[in-house]
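Trainee: heads up, no residue letters with this:
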């Protein structure tokens with residue numbers, strides 16, 4: 001009678017390796033298990049290894065050619081089968097020798113003469129064989145010399161290959177180097193390669209994934225490479241685990257990360273990783289905290305998401321958090337532990353529910369965010385005009401304001417659509433301009449870092465609206481000055497425009513790069529010159545600028561005003577602004593005086609023309625001639641008016 005099948009405990013810890021291992025009951029539904037790798041590129045890097053047998057001959061990989069093996073097997077079979085026939089031949093020869101022994105005595109006399117001839121021939125053969133042996137010795141010496149030379153060349157080639165290892169920072173480079181090593185394959189060279197991989201610089205942690213990929217690729221044909229490297233890493237870990245001096249921290253991190261990368265290639269067994277992690281958790285102090293966290297950051301998520309090790313890794317993570325809560329860790333170690341824990345086991349969140357949109361709204365989004373390009377803009381405009389405008393106008397305006405969700409290079413197409421729709425729906429185009437200006441002001445009021453991409457897109461949109469003659473230049477310059485002065489002189493100045501924040505400079509450069517090249521004549525040219533002086537003062541008030549913003553400013557001034565002087569200090573900029581304001585004040589005062597003088601002159605002309613002639617003389621346009629007054633048409637009209 002067979003014993004009954006007992007139910008398997010879901011919390012049983014199992015660590016299995018190999019293709020035939022069945023995943024344990026992990027307490028999770030298999031359909032809910034997360035993918036082991038975050039993306040397809042990562043999966044390809046760790047799982048899709050090159051097949052060395054397709055690039056390198058089997059002889060160089062230490063494997064015999066399968067055809068040669070078949071031929072050798074056939075030859076052995078042929079040699080073993082005719083063995084009994086040869087025995088029969090030997091017996092027949094013995095019988096024949098016995099029969100002919102009697103007759104052989106009769107021919108001894110004749111055989112003596114023949115024996116002498118044979119002895120002479122044998123001596124000649126011995127001499128020839130001695131000469132051939134001498135030639136073979138010479139050939140062997142030459143072959144040994146050639147082998148020594150080839151070994152020297154292989155040594156130099158291997159040294160050059162090892163020197164190229166630190167430069168292999170991509171998958172293609174490390175795969176190419178792996179294939180090249182196969183042509184230098186030997187036991188001594190494999191040992192040198194393992195030593196070179198083991199001695200990776202402790203500060204070059206970015207090389208560890210590529211070195212591990214090389215080991216994983218070679219292990220398909222050369223099993224001793226991975227075993228030697230793992231043995232060296234394990235011995236180094238056991239040696240360093242008890243070292244507490246600060247000098248060994250980088251070496252410890254390099255060692256444990258190397259083991260973690262090899263684990264993701266399934267070269268290092270999971271048992272080795274868990275034993276290293278347990279050794280750190282048993283003495284959860286000092287450098288062991290850093291080592292444990294680095295191990296979890298390297299391969300913790302891989303082990304947690306693998307069905308064979310998810311239970312044991314979950315238990316280890318629980319122990320880690322218990323130790324963190326019990327021990328009084330410093331803030332740095334506490335942050336390290338939390339980051340490592342949540343990297344392996346992210347907090348559970350509800351699945352994001354997709355927004356359900358009406359079919360008409362989906363069609364509008366498809367037109368604007370998918371179909372719109374230079375070749376289809378006319379088609380999109382025709383389709384938008386066919387929409388039921390009263391129902392779709394609010395949502396269409398909302399989509400137009402989400403230009404930051406589309407491609408940055410297609411913002412001018414949205415502006416072109418706005419200008420095209422303005423011919424048929426003028427109120428919609430006005431609403432677009434109002435919304436853009438409102439969004440710019442809201443961005444200045446909030447100064448949220450997460451809205452920067454959105455604010456840059458709206459500045460580009462405003463500039464494109466000017467390019468399509470949908471807004472006036474006064475709107476552009478009002479917006480530029482608003483960006484410079486908004487929030488200054490208020491208690492919220494430091495929060496709205498911090499001294500080290502240069503984002504407003506980027507906003508101005510974006511707007512001027514979009515439409516500034518049109519301000520090259522007339523009053524708009526003078527307005528831009530005036531603004532650039534104020535803009536330079538604002539730039540100098542920020543102190544040292546990041547290089548990318550400085551380069552953008554250089555390109556901007558080179559494009560708009562290549563001959564304009566760039567001020568090097570805030571004092572020069574202030575003096576230039578004061579001089580500019582004084583000049584504008586004097587010009588405005590002269591203009592006011594001229595207007596006042598012209599008004600007074602016109603009023604005096606009116607009073608003189610209204611006056612009557614006295615003693616036969618007229619004042620103004622009248623002239624006295626023989627007691628008669630001659631006036632022009634205007635004077636007559638005025639006089640008529642006065643008389644009436």
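Mentor: Received, thanks. As the structure is a computational prediction, the values presented were derived from the model and not from experiment.

Trainee: what comes up buried for stretch 392-412?
Mentor: Neighbour-count burial for stretch 392-412 flags 392-393, 395-396, 399-401, 403-404, 406, 410-412 (criterion: 16 or more other C-beta atoms under 10 Å). Using the backbone N, CA and C atoms, a C-beta is placed for each residue, glycine as well.

Trainee: next step: the residues you listed restricted to strands.
Mentor: Applying DSSP state E to those, no entry is found in strands.

Trainee: export those residues to TSV and tack on distance to residue 214 and pLDDT?
Mentor: Listed next are these as TSV, based on distance: C-beta to C-beta, whole Å; pLDDT from 0 to 100:
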residue	distance to residue 214	pLDDT
392	59	94
393	61	95
395	55	96
396	56	96
399	51	96
400	53	96
401	52	96
403	47	94
404	43	93
406	43	89
410	44	93
411	46	96
412	49	96
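
Trainee: out of those, which comes closest to residue 296?
Mentor: The shortest approach to residue 296 among the buried residues of stretch 392-412 belongs to residue 404, at 36.9 Å (C-beta to C-beta).

Trainee: what count of nearby residues applies to residue 494?
Mentor: 11 (other C-beta atoms under 10 Å).

Trainee: before we move on, the earlier item: now distance to residue 227 too, for the buried residues of stretch 392-412, in JSON lines please.
Mentor: Below are the buried residues of stretch 392-412 laid out as JSON lines (distance: C-beta to C-beta, whole Å):
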{"residue": "392", "distance to residue 227": "69"}
{"residue": "393", "distance to residue 227": "72"}
{"residue": "395", "distance to residue 227": "65"}
{"residue": "396", "distance to residue 227": "67"}
{"residue": "399", "distance to residue 227": "61"}
{"residue": "400", "distance to residue 227": "64"}
{"residue": "401", "distance to residue 227": "63"}
{"residue": "403", "distance to residue 227": "59"}
{"residue": "404", "distance to residue 227": "55"}
{"residue": "406", "distance to residue 227": "54"}
{"residue": "410", "distance to residue 227": "56"}
{"residue": "411", "distance to residue 227": "59"}
{"residue": "412", "distance to residue 227": "62"}
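
Trainee: among those, which one sits closest to residue 325?
Mentor: Closest approach between the buried residues of stretch 392-412 and residue 325, by C-beta to C-beta: residue 404, at 42.7 Å.

Trainee: for that closest one, list the residues it contacts.
Mentor: Residue 404 makes contacts with 453, 454, 456, 457, 458, as judged by C-beta atoms under 8 Å, 6 or more residues apart in numbering.

Trainee: select from those residues the one having the most neighbours.
Mentor: Result: residue 458 is most packed of the contacts of residue 404 (other C-beta under 10 Å), 26 neighbours.

Trainee: state the pLDDT value of that residue.
Mentor: We have a pLDDT of 97 for residue 458.

Trainee: with adjacent residues omitted, what lies nearest to it?
Mentor: residue 439 (4.9 Å; C-beta to C-beta, 6 or more residues apart in numbering).

Trainee: surely the one you found is within a strand?
Mentor: No. Membership of residue 439 in a strand is not supported by DSSP: H, G, I helix; E, B strand; the rest coil, which gives helix.

Trainee: that one against residue 457, yeah?
Mentor: No. Taking contacts as C-beta atoms under 8 Å, residue 439 lies outside contact range of residue 457: 9.4 Å.

Trainee: count of neighbours near residue 273?
Mentor: Considering only other C-beta under 10 Å, residue 273 is surrounded by 28 other residues.

Trainee: on the three-state scheme, it is what?
Mentor: helix.

Trainee: quick check: pLDDT value at it.
Mentor: At residue 273, pLDDT is 96.

Trainee: what ranges do the helices span in the stretch 251-400 of the chain?
Mentor: Listed in chain order, the helices of the stretch 251-400 of the chain (DSSP state H, counting those that start in this stretch) span 270-282, 287-305, 310-326, 331-344, 359-366, 377-385, 389-400.

Trainee: for those helices, give me CSV that also has distance to residue 217.
Mentor: Formatted as CSV, the helices of the stretch 251-400 of the chain follow (distance: least, C-beta to C-beta, whole Å):
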stretch, distance to residue 217
helix 270-282, 20
helix 287-305, 19
helix 310-326, 27
helix 331-344, 27
helix 359-366, 45
helix 377-385, 51
helix 389-400, 50
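
Trainee: those helices: which one's closest to residue 54?
Mentor: helix 287-305 (27.7 Å).

Trainee: any idea how far the closest one is from the chain center?
Mentor: 23 Å (C-alpha atoms, centre = their mean, to the nearest Å).

Trainee: gap between residue 295 and residue 276?
Mentor: 6 Å (C-beta to C-beta, to the nearest Å).

Trainee: hey, what's in contact with both of the two?
Mentor: 256, 259.

Trainee: between the buried residues of stretch 392-412, which sits nearest residue 345?
Mentor: residue 404 (33.9 Å).

Trainee: could I get the phi/psi values of the closest residue to that closest one other than its chain neighbours?
Mentor: Of all residues not flanking residue 404 in the chain, residue 457 sits nearest, at 3.7 Å (C-beta to C-beta, 6+ apart). Dihedral angles of residue 457 (phi, psi; degrees, to the nearest 10) stand at phi -60, psi -40.

Trainee: give me the low-pLDDT residue ranges for the stretch 1-150 of the chain?
Mentor: Along the stretch 1-150 of the chain, the parts satisfying pLDDT under 70 run over 1-33, 63-150.

Trainee: need the contact list for the residue nearest to residue 458.
Mentor: Residue 439 is in contact with 401, 454, 455, 458, counting by C-beta under 8 Å, 6+ apart.

Trainee: wait, the third one touches residue 507, no?
Mentor: Yes. Contact criterion C-beta under 8 Å: residue 455 and residue 507 qualify, at 6.4 Å.

Trainee: what about the stretch 451-600 of the chain, any weak spots by pLDDT?
Mentor: In the predicted model, the stretch 451-600 of the chain carries pLDDT under 70 at residues 596-600.

Trainee: ok, now the stretch 151-300 of the chain?
Mentor: In the stretch 151-300 of the chain, residues with pLDDT under 70: 151-155.

Trainee: which residues in the stretch 451-600 of the chain form helices?
Mentor: 452-467, 473-485, 493-496, 503-515, 522-540, 547-560, 570-610.

Trainee: nearest to residue 182, out of these?
Mentor: helix 547-560 (45.1 Å).

Trainee: and the closest one, which residues are buried?
Mentor: Within helix 547-560, the residues that count as buried by 16+ other C-beta under 10 Å are 549, 552, 553, 556, 557, 560.

Trainee: tell me the angle it makes with helix 503-515.
Mentor: Helix 547-560 runs at 30 degrees relative to helix 503-515, counting by axes from the mean of the first three to the mean of the last three C-alpha atoms, to 10 degrees.
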